[in-house]
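Visitor: model the following, please.
(chains A and B)
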Protein chains: 2
Amino acid sequence: MKKRNLYLKTISVEEALEKYKKVLETVIEVKWERIPVTESLNRVTRSAVYAKYCSPLFNSAAMDGIAVVTQRTKGASEVRPVELTEGEDYQVVDTGDPVSPPYDGVIMAEDLLETGKEGQVRIVEAAAPWQHIRPIGEDIVAGEMILPGHHKIRAIDVGVLLSAGITEIEVAVQPSVAIFPTGTEIIEPGETPVEGSIIESNSRMFENLAREQGARAKRFPVIPDDYEKIRRAVKEAAQKYDLVIINAGSSAGTEDYTVHVLRELGEVVVHGVAIKPGKPVILAVVDDCPVIGLPGYPVSAYIGFENFVIPVLSMLGDFTCRKNPVVDAVISKRLVSSLKHREYIRVKVGKVGEKLVAAPLARGAGAAMSMVRADGFCVIPQNSEGVEASETVSVELYRDIQEIENTLVVIGSHDLILDVMADLMPEVSRGMYLSSTHVGSMGGLMALKRREAHIAPVHLLDEDTGVYNQSYLKRIFKEPMALIRGVGRVQGLMVKKGNPMGICGIEDLKRCRYVNRQRGAGTRILLDYLLKKEQISPEEISGYDCEATTHMAVAAQVASGGADAGMGVFSAAKAMGLDFLPVGDESYDFALYQEDLELPLVKCFLQILKSERFHEKLRELGGYSWEEAGQIVRIDSRSMK
Amino acid sequence: MKKRNLYLKTISVEEALEKYKKVLETVIEVKWERIPVTESLNRVTRSAVYAKYCSPLFNSAAMDGIAVVTQRTKGASEVRPVELTEGEDYQVVDTGDPVSPPYDGVIMAEDLLETGKEGQVRIVEAAAPWQHIRPIGEDIVAGEMILPGHHKIRAIDVGVLLSAGITEIEVAVQPSVAIFPTGTEIIEPGETPVEGSIIESNSRMFENLAREQGARAKRFPVIPDDYEKIRRAVKEAAQKYDLVIINAGSSAGTEDYTVHVLRELGEVVVHGVAIKPGKPVILAVVDDCPVIGLPGYPVSAYIGFENFVIPVLSMLGDFTCRKNPVVDAVISKRLVSSLKHREYIRVKVGKVGEKLVAAPLARGAGAAMSMVRADGFCVIPQNSEGVEASETVSVELYRDIQEIENTLVVIGSHDLILDVMADLMPEVSRGMYLSSTHVGSMGGLMALKRREAHIAPVHLLDEDTGVYNQSYLKRIFKEPMALIRGVGRVQGLMVKKGNPMGICGIEDLKRCRYVNRQRGAGTRILLDYLLKKEQISPEEISGYDCEATTHMAVAAQVASGGADAGMGVFSAAKAMGLDFLPVGDESYDFALYQEDLELPLVKCFLQILKSERFHEKLRELGGYSWEEAGQIVRIDSRSMK
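Guide: Sure thing, here's the model as predicted:
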């Protein structure tokens, strides 16, 4: 077998960063440049900036009216008004106009009475010296410090700098970052993939993350797994750029050259950090340039970037790292983590009632989509074995808290229509969103019971009555519940186009490779029901333990040849070009507390269910009926007992 | 007199915005364009985006190791190992490599034993089907919705879109904004000002505020107050841009043409809003293009932009307004506000002990510098008459909360050295800041007493003992206090270069125009002490009631000829090129609680006081002595009684 790399002993994130920073402090320094103030938004000042001019530049009128010689106004009253003559006693001024001797006060236009004569006014109250005058330098005094050093310039700072006569400013040069995607199997976006291809996307994520921090990023074309080519690219970039990122090849695979290249060219300070996902990070220095190797899995890559690249960028660009806001949330299920590493768990966050709830998503390092679905990360420290359900945890949000608070939290059974509804939500009601998490029907009802979801989509067959959903609600909840009628849908067996295995029914599953749904999913309950009816034991089905969590994932597995059959809804089979053998119709409804029917988010949800646009989408997807969509069935368990 | 505008009846912010939006909804619409995904950061999706490919694209190895035919591994155990042959029973795979039939599971490299023969391995545990395989579509299934419509694209979204085979995306066109500064007295930054000049800076603030929201902004050269020129510019821009901003001329001055121009060209929907600062806002429509007139005072301009321009931009660009975070803070003093308007009060926010404290700054609409000094706004609603001291208020922050929490809060007497120290703070200790608010020595001690400041700079003369500061601390505090020795400084009378009035001492103030400091300022107490000594009554001093709040503001007033004399420190006189007549030396020290001496922020402060760099700056400023700077005097009032 080919040689694999051995990891250095993994160290904690803090240790790794401290060790790396100590080395970098001796080799890197912030560069500075003079730029026009008008282009300086978000740049960082080198040193304190002092005003060149006062603002206002002169004593000036703070009101529209007349500038007066205040002494001439003495004694004016209702009984004894004083008449003033323009050019002698006063001069008309608008706000901001200069007021200079002999004038030493301003009377507001509103307080002037007409005398009937041009160039004359009457007043009934004396003016005090300095009245309604903005003194020179009231706002900014020449020589005064406007901004300190190491300050990030905001839009308002730009205005004040210009007012104070500053037109150029010395700021930190934006650090330049070279990004090298590597890997023989990697193809560029837009190329047609073949088996084995992986579409390169991490470098584009890096590029944009770097830009968000204020760095300039240059992404290079993919380099194949070729020691010499990687060596040459890194060597050259280390001369020209402030920071070099190599992705990936930082792991211990047979073709992971990065660490060898970096050992040859410079110093590898850290290889491997106690962080999950993200362990195979390399922190190195080549010719006084920081070079960071990040792992290939998208989630690992993101976490590596956040923890190591951003701190280095902040050293290079003299800025404070822009951090995501952190909120407290109740975790919706128990999370076990190892003492060996700090773990980042992606979570969906929702506001149900008064509490923020964080629902953990897929933990795999490859699950990039879970990052998109997630609203943030819950961090489990290295010295913790995990958290219990309902414990309060800190969540680092990367979605706007206002958006989160205006999101309908839907947890339960999966159907493609949830995506359609999520898409329609902000169209129907601007600023409202829907987020769905797929944990199966029973999982959804449990989340509802813990008040961690607004709505649980369910399709649970009562084997005794043949009626869907209602009996489950009665059994599980004491509170007055409601069922919003959703759609009728056809469940069936999905098989390859043309049905090459000649599958006709449940019985035939015994002779093929099946792909199942996870425990608690309504579709799995349906399979179990059908197996029981046919007196087939699960052991007889090859692949019964191979689980997928959505209809589409099952369909994809069948389409790819990884399995011969799976159960799911017609729309998924249609989307994947599969043949479909119906096994029955079912009701896919939405459970919730009656009291929540009045929530604006729920009202918007109801509106969508009844809308023509939604029905149009259902027609396109195929396999649905919607005669009762949006009808409300109230279920009061006490009255039913 | 020339004609002035009359305001329309002012209406509330909500009413104004609703009225305007209703009109705009009928005339504007979001424009869309297709762009490369790689350029789509922060852009807003038009509609839902569905995956083109699965990710992974195939069943793939989740680990480095070998892909095996799992059936051939059956029965393997420690006692009965199984030997596998490459090419027949297995194939070497790295993470991400495809696994296809006949291979149906992966064994990790760590679990393989060598047999000594090339192309052969030994295993001691059977592999289950699907073991360590990432199934096709595990992350993303083709046809699955990746992003909903109306979603702002993040860096991670870019990565996932590319992974899913999407390379182009339809997004909202970034709205284009034309910005017109107007005013005959307005000069461009960089031009040399004369009396009456105002340096144009608002348009640059607008430009950058618009960019922060994701709009494209074009700032035009200043237009003089000329009806026809303004009319032509607006008319033309309304054809080409999505939004036009005119600044200023929106008020009721004699040369405020904006509202007349807009009435001629289109419809003025709102003129005047119950908001302070910011009242003279104009919301209009010209040829189906929104045109907004904003007031000229920088603070009014900023508040008008936040409240009206940003919502319109969000309509045009289909995005959610990016809002500043809001925190709760204790207000440090009573604020009275009128029921007539919603008022925005700039506040400095600091964390002292466990509480966030908001200290109100200057309320004038012209005080742009107070926006720079401020950390955010405290909003007093239209239906409120104000808030009491120590009440909790909501503060909209525009400075990073992490920076605020790492800021030493200094409230009290003003001296130029505070600016110098603020500048040195982050240099001495990265990520630490100093903020100072100038309320005079007594004001500072009161803030300290209310635990709203870490440190109060003081120079308070005890008339009985002639000793500075210590007796005040003993009298006011019960707790163990400390005085950090600061600098000795010379106070004196500042007069125009050459001393044209021939001022020699306090007695001469009776025959000149004086500019005083505010009540509670140590410098004013010093004047009062000197007046008393000379048996001069304040009424004899013309300008005794004319107050400035800093040494530099006093100096600027004297320099501009607004006053003949003022009292202050030598450094201010030097900075403004004034003559200086010393009246005495004083001690400018720093009061704090003894328990706070251990705070890292205070330690950094002490380090600066003792540093050579700081002493170098004092030498440059002139008029200071620093022999005892940084020494600590502990004051325990109980032991002193």
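Visitor: can you check the pLDDT for residue A:216?
Guide: Listed pLDDT for residue A:216 reads 96.
Visitor: how about residue A:8?
Guide: So residue A:8 comes in at 48 (pLDDT).
Visitor: likewise for residue A:249?
Guide: Confidence for residue A:249, expressed as pLDDT, is 69.
Visitor: which bits of the stretch 351-500 of chain A sit near chain B?
Guide: Applying the criterion C-beta under 8 Å from any C-beta of the partner chain, the portion of the stretch 351-500 of chain A that neighbours chain B consists of A:364, A:366-372, A:398, A:400, A:402-403, A:419-420, A:422-423, A:425-427, A:431, A:433. From N, CA and C alone the C-beta is placed, and that goes for glycine too.
Visitor: restricted to helices, list those.
Guide: If you go by DSSP state H, these have A:368-372, A:402-403, A:419-420, A:422-423, A:425-427 in helices.
Visitor: out of these, which two sit at the greatest distance?
Guide: A:368 and A:427 (26.2 Å; C-beta to C-beta).
Visitor: so between these two, which is more surrounded?
Guide: When residue A:368 is set against residue A:427 and neighbours are counted by other C-beta atoms under 10 Å in any protein chain shown, the residue ahead is residue A:368, at 28 against 15.
Visitor: that one is in contact with residue B:161, isn't it?
Guide: No: the pair residue A:368 and residue B:161 fails to qualify as a contact (C-beta atoms under 8 Å) at a distance of 10.2 Å.
Visitor: are there residues contacting both of these two? Which ones?
Guide: Residues touching both residue A:368 and residue B:161 by C-beta atoms under 8 Å, 6 or more residues apart in numbering or on different chains: residue A:201.
Visitor: so residue A:143, which state does it fall into?
Guide: Following DSSP: H, G, I helix; E, B strand; the rest coil, we place residue A:143 in the coil state.
Visitor: tell me what residue A:178 is bridged to.
Guide: Here residue A:178 shows beta-bridge partners residue A:218, residue A:244, assigned using DSSP bridges.
Visitor: pull up the per-residue confidence for it.
Guide: Confidence per residue is given as pLDDT, and for residue A:178 that number is 98.
Visitor: count the residues that sit near it.
Guide: Taking other C-beta under 10 Å as the definition, residue A:178 ends up with a neighbour count of 22.
Visitor: so how far is residue B:599 from it?
Guide: As judged by C-beta to C-beta, to the nearest Å, residue A:178 and residue B:599 stand 42 Å apart.
Visitor: that older thread, now the buried members of the residues of the stretch 351-500 of chain A next to chain B.
Guide: Burial by neighbour count, 16 or more other C-beta atoms under 10 Å in any protein chain shown: within these this picks out A:364, A:366-372, A:398, A:403, A:419-420, A:422-423, A:425-426, A:433.
Visitor: quick revisit: reformat the ones in helices among the residues of the stretch 351-500 of chain A next to chain B as a markdown table; add pLDDT.
Guide: Below are these laid out as a markdown table (pLDDT from 0 to 100):
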| residue | pLDDT |
| --- | --- |
| A:368 | 85 |
| A:369 | 87 |
| A:370 | 86 |
| A:371 | 88 |
| A:372 | 90 |
| A:402 | 84 |
| A:403 | 86 |
| A:419 | 90 |
| A:420 | 92 |
| A:422 | 91 |
| A:423 | 90 |
| A:425 | 92 |
| A:426 | 87 |
| A:427 | 87 |
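Visitor: residue A:76: which of the residues you listed is nearest?
Guide: Nearest to residue A:76 among those is residue A:402, at 54.7 Å by C-beta to C-beta.
Visitor: show me what contacts that closest one?
Guide: By C-beta under 8 Å, 6+ apart, the contact list for residue A:402 reads B:320, B:323.
Visitor: now do 10 Å
Guide: By C-beta atoms under 10 Å, 6 or more residues apart in numbering or on different chains, the contact set of residue A:402 is A:431, B:320, B:321, B:322, B:323, B:325.
Visitor: of the residues you listed, which one scores lowest on pLDDT?
Guide: Note: of the contacts of residue A:402, the lowest pLDDT belongs to residue B:322, at 70.
Visitor: which residue does the stretch 451-600 of chain A bring closest to chain B?
Guide: With C-beta to the nearest C-beta, the shortest gap between the stretch 451-600 of chain A and chain B falls at residue A:556, namely 3.4 Å.
Visitor: what about the helices in the stretch 201-350 of chain A?
Guide: Counting by DSSP state H, counting those that start in this stretch, residue ranges of the helices within the stretch 201-350 of chain A are A:202-212, A:227-240, A:258-265, A:298-304, A:310-317.
Visitor: include mean neighbour count and distance to chain B when you put these into CSV, please.
Guide: Putting those into CSV (neighbours: other C-beta atoms under 10 Å in any protein chain shown; distance: least, C-beta to the nearest C-beta, whole Å) gives the following:
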stretch, mean neighbour count, distance to chain B
helix A:202-212, 24, 4
helix A:227-240, 16, 16
helix A:258-265, 21, 13
helix A:298-304, 28, 6
helix A:310-317, 21, 9
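Visitor: any part of the host helix or strand of residue A:568 near chain B?
Guide: Applying DSSP states H and E as the criterion places residue A:568 in strand A:565-569. No: for a cut-off given as C-beta under 10 Å from any C-beta of the partner chain, strand A:565-569 has no contacts with chain B; the smallest distance is 11.3 Å.
Visitor: please apply the same query to stretch A:94-110.
Guide: Yes: legend: contact between stretch A:94-110 and chain B by C-beta under 10 Å from any C-beta is shown at A:94, A:95, A:96, A:97, A:98, A:99, A:100, A:101, A:104, A:109, A:110.
Visitor: the last one: how many residues sit nearby?
Guide: Residues contacting residue A:110 under the criterion other C-beta under 10 Å number 10.
Visitor: need the phi and psi values for the closest residue to it other than its chain neighbours.
Guide: Of all residues beyond its chain neighbours, the one nearest residue A:110 is residue A:65 (7.8 Å), with distances taken as C-beta to C-beta, 6 or more residues apart in numbering or on different chains. In terms of degrees, to the nearest 10, the main-chain angles of residue A:65 are phi 160, psi -130.
Visitor: what is residue A:65 paired to in the beta sheet?
Guide: According to DSSP bridges, residue A:93, residue A:108 are recorded as the beta-bridge partners of residue A:65.
Visitor: bridging residues for residue A:495?
Guide: residue A:565, residue A:579.
Visitor: sorry, back to before: highest neighbour count among the contacts of residue A:402?
Guide: Neighbour count (other C-beta under 10 Å) singles out residue B:320 as the most crowded of the contacts of residue A:402, with 17 neighbours.
Visitor: hey, where'd the strands end up in the stretch 301-450 of chain A?
Guide: In order along the chain, the stretch 301-450 of chain A carries the following strands (DSSP state E, counting those that start in this stretch): A:326-331, A:335-336, A:342-352, A:355-360, A:376-380, A:386-387, A:392-397, A:407-412, A:433-438.
Visitor: can you tell me which of those strands is nearest to residue B:232?
Guide: Comparison of those against residue B:232 by C-beta to C-beta identifies strand A:433-438 as nearest, at 44.5 Å.
Visitor: put the alpha carbons of that closest one into PDB.
Guide: Output of strand A:433-438 as PDB, limited to C-alpha atoms (Å, rounded to 0.1, in the frame of the first residue of the first chain):
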ATOM      1  CA  TYR A 433     -39.900  32.700   6.600                       C
ATOM      2  CA  LEU A 434     -40.400  29.000   7.100                       C
ATOM      3  CA  SER A 435     -37.800  26.500   8.200                       C
ATOM      4  CA  SER A 436     -38.200  22.800   8.100                       C
ATOM      5  CA  THR A 437     -36.300  20.000   9.900                       C
ATOM      6  CA  HIS A 438     -36.800  16.400   8.900                       C
END
